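*Asks:* please find the sequence and the predicted model below.
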Amino acid sequence: MKGSAFRSGVILLLGLELWAQGWVRITSRLESATPIVVQQSTRTGRLWVSTEWILYTAPTVGAAWTAVTSLPFSTYTLALASQGATEALLAVTPYGLWRSTDEGANWAQTHPILSDRRVRLWVHPVYANVIAAMRGQMLWRSTDAGASWQPMTLPGGTLFAACPFGALDDVLAWSSDGLFRSTDGGVTWEAVPSTLPRQSVQSLAVTGGIEPRLFVLIGDTVYHSSDGISWTATAAPTPPRALFAFGSSVVAVAPGALLLFRPNNTWETIYTGFTDHITAVLPVGPDRLLVGSELRGIELYRWLPQPQWQPLRTGMDAPPITRMLRSEYSFLLGGPSGIFWSDTDIAGLDNISLSLPKPATITAMTLLQDGLLVSTRIGIYRYRRSSGQWSTVAEVLPAVGTIVALAASPSGDTILALSEFGELLRSTDGGATWETPSFAYQVSFLERHGDTFYAFGTDGILYSHDGGSSWSPLTSYPGGSCYLLSFHPATPQILACSALPNSRTGALYRSTDGGSSWQTLEADELLGRGLTTLIAGTASQTWYAGTLEGEIFRSSDNGSTWHSLGIVGDGLPIQALLELGSLLIAGTWRGAWYQLIVGISESYSPSVILRIANGELQLRLPEPTTVRLQIYNLLGRCLGYWTTSSPTSSLILPLPALASGTYMLRLQAGNKEYHTVLPLP
């Protein structure tokens with residue numbers, strides 16, 4: 001690095017304990033997402049994507065995505081409506097329906113009850129100020145682009161779906177009693193004679209244009225109508241499972257295919273291949289689609305002149321990070337929408353989940369000696385770091401539901417898998433065959449420590465010394481239930497917590513003899529914030545804890561006392577923690593954050609002044625002494641080392657060629673040692 005790259009400044013080193021520079025989000029390295037909704041403005045072309053945990057926007061197709069941080073909630077459903085010159089973005093969140101008229105800069109809540117994942121919004125294809133909203137067996141209607149809402153009555157039977165279609169005040173509704181229409185905005189309903197099956201509406205799509213058309217998927221058949229009265233069945237080459245529309249185009253996602261509805265009322269197959277991972281589709285041209293899918297985020301698909309996929313994930317770098325693992329020479333960050341592996345530092349994180357045999361939401365993972373074992377909603381897969389290749393372990397398992405926890409021997413020969421319904425599976429041949437051990441306990445988590453497997457949850461802590469064949473309760477554990485369990489790598493110390501997930505009650509326990517005896521720790525301040533994560537540090541007696549409020553704590557006395565390291569982001573619940581060299585990394589539902597932690601002796605020492613100028617470090621000491629100076633990167637690697645051959649009170653050193661970033665200085669002056677942060681722009 002040249003001297004001109006530095007800013008002149010002075011660093012004052014004092015002999016006290018310094019903690020961190022604040023929490024910084026890891027950007028550009030964690031690009032993955034699972035979109036659930038994709039919308040585009042017909043006025044400006046601006047795109048909006050919800051991944052449930054975060055809302056992204058881009059000014060046009062192909063531009064980088066930007067997180068909409070002004071809306072700090074999860075978003076389930078999006079809709080774009082307009083009235084006059086005002087375009088309104090509507091977002092369904094856990095805290096009701098929120099509305100923005102300035103492209104997401106500011107938000108106002110307009111409906112507190114529309115707060116469920118299953119809420120649906122439909123905008124009238126002609127009168128864009130008219131919207132219908134449905135939650136369960138409740139209907140509402142807005143005529144001012146979502147600024148205010150009026151309840152609608154219900155037709156007879158169990159309500160399946162409702163949509164504004166036809167004249168200004170027309171609303172169609174499907175129920176177990178058939179098809180109904182209201183001509184007065186949902187005040188009264190009349191039955192519409194129809195040949196449509198009286199079954200649940202699986203999907204609904206509306207096209208715009210001169211003659212809007214309504215498409216409904218009932219059973220295995222898609223029906224369409226231009227007036228809501230007369231319906232025509234279509235013959236799709238493969239039964240669709242979801243419909244998506246924008247402008248005058250309708251696309252159906254079917255098992256193994258994407259289908260495009262043509263003006264001659266036929267379906268054209270525009271893609272053949274795996275489609276189970278596709279979650280959202282937006283037609284953006286006569287020969288192209290935006291496709292949202294599990295693990296892959298947003299991709300642009302063109303089928304003319306030949307099929308081509310183009311990833312559009314740039315900027316989508318705040319995925320949920322719920323698991324962090326570290327081996328001797330590498331580490332990984334992972335969550336439902338991606339796994340990122342690095343053999344160096346956070347700048348070397350690489351998305352290894354893009355090459356999974358079948359992309360699907362990730363549900364559990366555990367380290368192996370040569371890689372990783374991962375479960376998804378489809379199956380279990382193995383990743384070998386040496387080759388960078390994935391292999392299928394099993395996609396047909398003798399369990400009901402999704403695998404939510406994994407543990408394995410280092411070689412991967414013995415595998416334990418726990419389903420969401422508490423079924424425990426065991427394989428001793430790397431997943432080729434599976435058995436169901438006798439296991440009558442309610443647990444939610446699996447861990448391996450040394451040669452012992454642990455299962456813990458509602459029924460406390462269980463352990464197995466024979467690879468999961470037989471289990472015994474850890475009767476010495478006093479907590480009853482256990483939802484957090486962490487082992488210190490260098491000692492027989494264990495911390496366990498009985499607090500229910502997302503609760504602010506429970507107790508924290510410690511064992512210093514490998515679990516033979518336990519002590520209850522005074523940790524009311526920690527538990528009162530909702531304990532979510534508990535890990536061991538690398539130093540003896542060091543532990544870290546994350547909370548629901550996004551605050552992270554550190555203990556250096558084996559859990560007896562805890563000190564705050566600050567709040568991550570806007571108070572995001574902490575899902576995972578990892579100590580990595582001089583970094584502490586925190587995983588949240590909106591990406592990963594890091595903090596540089598620097599520990600210095602608490603005893604007072606004479607100050608040392610460092611001046612950075614013209615590519616040099618200038619040191620001035622209070623008295624002549626021998627000086628040793630080292631520069632480290634954030635992973636603790638030494639990048640430069642200097643020492644004086646004779647005592648001196650000042651020293652000028654040329655800096656090595658360092659890239660912009662954050663480094664740590666270690667200075668030994670006589671029998672004193674100092675540390676500080678060196679930021680290089």
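*Replies:* Received it, and whenever you're ready, just let me know what you need.

*Asks:* all strands for the stretch 451-600 of the chain, in order.
*Replies:* Per DSSP state E, counting those that start in this stretch, the stretch 451-600 of the chain carries strands over the ranges 452-457, 460-464, 472-473, 484-487, 494-497, 508-511, 519-521, 531-536, 543-547, 551-555, 563-567, 576-580, 583-588, 591-598.

*Asks:* and the contacts of the third one?
*Replies:* Read it as strand 472-473. The contact list for strand 472-473, computed with C-beta atoms under 8 Å, 6 or more residues apart in numbering, reads 441, 459, 460, 461, 462, 463, 464. For every residue, glycine as well, the C-beta is placed using N, CA and C.

*Asks:* quick one on the thing from earlier: can you lay out the strands of the stretch 451-600 of the chain as JSON lines showing mean pLDDT?
*Replies:* Formatted as JSON lines, the strands of the stretch 451-600 of the chain follow (pLDDT from 0 to 100):
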{"stretch": "strand 452-457", "mean pLDDT": "97"}
{"stretch": "strand 460-464", "mean pLDDT": "97"}
{"stretch": "strand 472-473", "mean pLDDT": "96"}
{"stretch": "strand 484-487", "mean pLDDT": "96"}
{"stretch": "strand 494-497", "mean pLDDT": "94"}
{"stretch": "strand 508-511", "mean pLDDT": "96"}
{"stretch": "strand 519-521", "mean pLDDT": "96"}
{"stretch": "strand 531-536", "mean pLDDT": "96"}
{"stretch": "strand 543-547", "mean pLDDT": "96"}
{"stretch": "strand 551-555", "mean pLDDT": "94"}
{"stretch": "strand 563-567", "mean pLDDT": "90"}
{"stretch": "strand 576-580", "mean pLDDT": "96"}
{"stretch": "strand 583-588", "mean pLDDT": "96"}
{"stretch": "strand 591-598", "mean pLDDT": "87"}
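
*Asks:* now those strands as a markdown table including distance to residue 261 and mean neighbour count?
*Replies:* Formatted as a markdown table, the strands of the stretch 451-600 of the chain follow (distance: least, C-beta to C-beta, whole Å; neighbours: other C-beta atoms under 10 Å):
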| stretch | distance to residue 261 | mean neighbour count |
| --- | --- | --- |
| strand 452-457 | 48 | 23 |
| strand 460-464 | 54 | 21 |
| strand 472-473 | 59 | 12 |
| strand 484-487 | 51 | 21 |
| strand 494-497 | 54 | 24 |
| strand 508-511 | 58 | 21 |
| strand 519-521 | 63 | 15 |
| strand 531-536 | 46 | 23 |
| strand 543-547 | 48 | 25 |
| strand 551-555 | 51 | 21 |
| strand 563-567 | 50 | 15 |
| strand 576-580 | 44 | 21 |
| strand 583-588 | 41 | 25 |
| strand 591-598 | 38 | 22 |
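
*Asks:* the ones you listed: which one's closest to residue 50?
*Replies:* Of all the strands of the stretch 451-600 of the chain, it is strand 591-598 that lies closest to residue 50, at 15.5 Å by C-beta to C-beta.

*Asks:* ok, the closest one: who's next to it in the sheet?
*Replies:* If you go by DSSP bridges, strand 591-598 pairs up with strand 18-19 (antiparallel), strand 24-25 (antiparallel), strand 583-588 (antiparallel).

*Asks:* circling back to that earlier point, distance to residue 196 added to the strands of the stretch 451-600 of the chain, as JSON lines?
*Replies:* Output for the strands of the stretch 451-600 of the chain, formatted as JSON lines (distance: least, C-beta to C-beta, whole Å):
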{"stretch": "strand 452-457", "distance to residue 196": "46"}
{"stretch": "strand 460-464", "distance to residue 196": "53"}
{"stretch": "strand 472-473", "distance to residue 196": "56"}
{"stretch": "strand 484-487", "distance to residue 196": "52"}
{"stretch": "strand 494-497", "distance to residue 196": "54"}
{"stretch": "strand 508-511", "distance to residue 196": "58"}
{"stretch": "strand 519-521", "distance to residue 196": "63"}
{"stretch": "strand 531-536", "distance to residue 196": "48"}
{"stretch": "strand 543-547", "distance to residue 196": "51"}
{"stretch": "strand 551-555", "distance to residue 196": "54"}
{"stretch": "strand 563-567", "distance to residue 196": "53"}
{"stretch": "strand 576-580", "distance to residue 196": "48"}
{"stretch": "strand 583-588", "distance to residue 196": "45"}
{"stretch": "strand 591-598", "distance to residue 196": "45"}
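
*Asks:* picking that back up, between the strands paired with strand 591-598, which one is nearest to residue 266?
*Replies:* Closest among the strands paired with strand 591-598, once you apply C-beta to C-beta, is strand 583-588, at 47.2 Å.

*Asks:* quick check: angle from the closest one to strand 531-536?
*Replies:* Strand 583-588 runs at 150 degrees relative to strand 531-536, counting by axes from the mean of the first three to the mean of the last three C-alpha atoms, to 10 degrees.

*Asks:* centroid-nearest residue for the chain?
*Replies:* Centroid check for the chain by C-alpha atoms, centre = their mean gives residue 320 as the closest residue, at 1.4 Å.

*Asks:* and for the residue nearest to it when sequence neighbours are not counted, the neighbour number?
*Replies:* Using C-beta to C-beta, 6 or more residues apart in numbering and skipping the chain neighbours, the partner closest in space to residue 320 is residue 335 (4.1 Å). For residue 335, the neighbour count with other C-beta atoms under 10 Å is 28.

*Asks:* run through the residues that contact residue 335.
*Replies:* Counted by C-beta under 8 Å, 6+ apart, residue 335 has contacts 319, 320, 321, 322, 323, 362, 575, 587.
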